[in-house]
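S.K.: Sequence and predicted model, in that order:
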Amino acid sequence: MYIAAPKVSDRRFQREYVIPMSNDKVADVVVVGAGICGSLLATRLARAGRSVLLLESGPRKGRGELVQNYRESAFKSDYMAPYPYSEMAPHPRFSPTPNDYLEQAGPHAYQAQYIRMLGGTSWHWAAQMWRYVPNDFRTQSLYGVGVDWPISYDDLEDYYYQVEVITGVGGEPDNGSPRTKPFPMERVPASYLQQRVTERLAPEYRVIDDATARNSRSYGGRPACCGNNNCMPICPIDAQYHGGIAAQEAEAEGVEIVTEAVVYRLEHDIQGRISAVHYYDWDKVSHKVTAQTVVLAANAIETPKLLLMSTSDRFENGIANARDNVGRNLCDHPAVGVSFDVDEPVWPGRGPVSPCSIGDFRDGEFRAEHAPFRLDISNGSKVASVTKELLAEGYHGRALEEQVRFRSARRLALKNAMEQLPDPNNRVTLSATRDALGLPTPRMYWDIGAYERRGAEATRAHYTRIAEMLGGTNVKHSKEGAFSNRQHITGTLSMGNDPATSVTDAWGRAHDHENLFMVGTGVMPTVGTCNVTLTAAALALRTADRILEETQHG
Amino acid sequence: MVNFTRRRVIQIAGGFALTGVAGRWLAVPEAFAGQNGVPAEEVDDFLAVSRKLIMRDELDGNLANALVHASKLALDSFTEQLTRLKALLAEQPALLDGEQLDFGAAFAAEEALARNVLSGWYTGVVGSGDQAIYVTHINALSNQVVADKLVPTSFSYGPCGSWHRAP
């Protein structure tokens, strides 16, 4: 049975004449999820005069506390460890012991590391802000694989730039993604490691600066990077942009933010419009929000979860799920890696953790045969990991210290960002487990197809060649047949022109719900070969503009 | 006698980790020494064993004190094992002749403690899993070993681009 919405269509009337119950809130737009996408969208809407309510399931924490948590953590290699955890808004947790929040139902574990907290998951990232390459939007037409997007690179180009300006992106301009304007930020100087690797791999491989939202000068009231080598799990000085900054900016622009607000149900009217959003506070007191427009920005796992939870007689499989597409087509970058000891000291650990990569294999006719990929070269300090390795090998005394120096100076690690094709069997559903608020937890099914396995083979061949060129010893490939996810969760809310095969339209609007929009990486139908935040943020601003356009006379 | 909790050990250790300049050895504040109920003799035993395992004469006594306190919380029968390990190394110093520990099956427990002692000094963490206790970050010996080239993670190298030059 659906619940009829209040028969109020004029937001001014709502504001002036509808007196909400004490628990109720009214806004022009309610945004669910205060990560980078939700916050950027909220800021734009508020700046245009809309009243915006931003609901965040997690708590509000400051950078200083998080940095202290990192420094005092016994699990420094766990990027989730510094972040607050609550049973009221659980997220995946891995140390000291995994909480198994994500039920694993597929042949490969999908270990997403997202944060439910004001600012969201981009608190722990390397500020990678890549544009797709133009052909990423048309892989079906060009190569007969994947799906075409309902929009093109050209549709996004200006939005890419807008986000680059907001976040302060710099990098190598000749990276396969055409630009009409230069990067707004000068690139961060290369580390010694990057210089040596670049020189020794040229011209066979072209190592380029990554596109990153990292300050090389003061920008946006934040300082230049000073090389703390701690971009993940947290930059101690906010030299890189992240969702926490975006949320602060939203609040400064007049957005009302409510944290510890766990949305558990969307209510619709007879036309299928979303008439109310219900959330629990952490005391499990229920609150109701009515708004002209509803935007879901709760990440590519939690948003499908909310949609699937919001069932009614009319939408018995959940909101936006009349054709059983919600949560399907989960894509990520199924990664394989390699590490080895270079034949000269390069000292990873000086400067940003992920400064450069090889982009020679992002596009080409080969995409008809195997997955394309980019090769990320890590500059993260290896001191902790090689020390643990040596202690496990039983080293002690002077030999231990000599080896710590030797391996810390030479250890190089690479990981690929390889495109995974959309597969409807890879999906998010609801598990039978309930959290502390009685809400279902996500259930994941993730498999890797032949296309990606062939891409992994091609990747390994390059790893072997690169190790050879750098005089590598102690070469260790990641386990054959094993793939890790890169936290680039896409596809579960795919946009498309055909409602039979997609969840949202080209603007991120749910096909069957006129006033329901979704932003975030979930709306991206393909994952490409780069980190996905810039594209998701650009799409979020595009959605914001659409909402403004449609509601300007509201 | 003050009997610090696990959390208090963490707070103490965090305190000195946070008070200094990156990359520099910071002495554990002496004010904490002797305040956690760890007998001085036990710290002396720990230091004696540690000097043999690490092959350094100079080890920070206050950090040793914190490591002992954390070890007593995180490791079963730590005190008894420490006594046995000290005796074993005194009786069979040749066990440390090789570069890698291999005490044999008869002394597996002593070898396990030796590895834990080394791990505490070099990683700044004692124990593992649910029993893991953070003791220090920048004073971990692994960071000290490379301090002429690298600063501990989360601390600064200086002005933007100062990492451009050869270390």
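M.R.: Good, I have the coordinates.

S.K.: Run a quick neighbour tally on A:K288.
M.R.: 17 (other CB atoms under 10 Å in any protein chain shown). Any C-beta I mention is one placed from the backbone N, CA and C, and that applies to glycine too.

S.K.: cool, the one 3 residues further on as well?
M.R.: Other residues lying near A:A291 total 24 when counted by other CB under 10 Å.

S.K.: and it, bridged to which residues?
M.R.: A:A27 (DSSP bridges).

S.K.: That one contacts A:V32, correct?
M.R.: No - A:A291 is beyond contact range of A:V32, at 10.4 Å (criterion: CB atoms under 8 Å).

S.K.: okay, now A:E549: neighbour count?
M.R.: 10.

S.K.: and it, how far is that from A:D332?
M.R.: Between A:E549 and A:D332 the computed distance is 33 Å (CB to CB, to the nearest Å).

S.K.: Please apply the same query to A:N99.
M.R.: 20 Å.

S.K.: And these two? Which one has more around it.
M.R.: A:D332 (27 against 15).

S.K.: these two touch, right, that one and A:H488?
M.R.: Yes - shown here, A:D332 and A:H488 form a contact pair, counting by CB under 8 Å, at 5.3 Å.

S.K.: any low-confidence regions in chain B?
M.R.: Regions of chain B meeting the criterion pLDDT under 70 cover residues B:1-35.

S.K.: After the strand or helix carrying A:Y160, which helix or strand is next?
M.R.: For A:Y160, the element it lies in under DSSP states H and E is helix A:153-167. The helix or strand immediately downstream of helix A:153-167 is helix A:192-201, counting by DSSP H and E.

S.K.: Quick check: buried residues in that next one?
M.R.: Neighbour-count burial for helix A:192-201 flags A:Y192, A:L193, A:Q194, A:Q195, A:R196, A:V197, A:T198, A:R200, A:L201 (criterion: 16 or more other CB atoms under 10 Å in any protein chain shown).

S.K.: In which helix or strand does A:K388 reside?
M.R.: helix A:383-392.

S.K.: Next, the residue nearest the centre of chain B: secondary structure please.
M.R.: Closest residue to the average C-alpha location of chain B: B:W121 at 2.5 Å, with CA atoms, centre = their mean. The three-state label given to B:W121 by DSSP: H, G, I helix; E, B strand; the rest coil is helix.

S.K.: Please verify my assumption that it contacts B:L141.
M.R.: Yes - between B:W121 and B:L141 there is a contact under CB under 8 Å: 4.9 Å.

S.K.: any residues in contact with both of those two?
M.R.: Common contacts of B:W121 and B:L141 (CB atoms under 8 Å, 6 or more residues apart in numbering or on different chains): B:I54.

S.K.: can you map out the strands along the stretch 251-400 of chain A?
M.R.: For the stretch 251-400 of chain A, the strands defined by DSSP state E, counting those that start in this stretch cover A:256-258, A:261-268, A:274-281, A:286-296, A:337-341, A:356-358, A:373-377.

S.K.: Same question for chain B.
M.R.: Applying DSSP state E to chain B gives strands spanning B:125-126, B:133-134.

S.K.: got any ranges where the stretch 251-400 of chain A has weak pLDDT?
M.R.: For the stretch 251-400 of chain A (pLDDT under 70), the answer is none.

S.K.: So which residues on it come close to chain B?
M.R.: A:345, A:347, A:349-351, A:381, A:383-384, A:387-388, A:391, A:393-400 (CB under 8 Å from any CB of the partner chain).

S.K.: Selecting buried members of those in ChimeraX, what would you type?
M.R.: A single ChimeraX command selects the buried members of those (16+ other CB under 10 Å):
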select /A:345,347,349,350,351,381,383,384,387,388,391,394,395,396,397,400
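
S.K.: re earlier: what residues do A:D332 and A:H488 have in common as contacts?
M.R.: A:V527.

S.K.: What pLDDT is listed against A:P6?
M.R.: For A:P6, the pLDDT comes out at 38.
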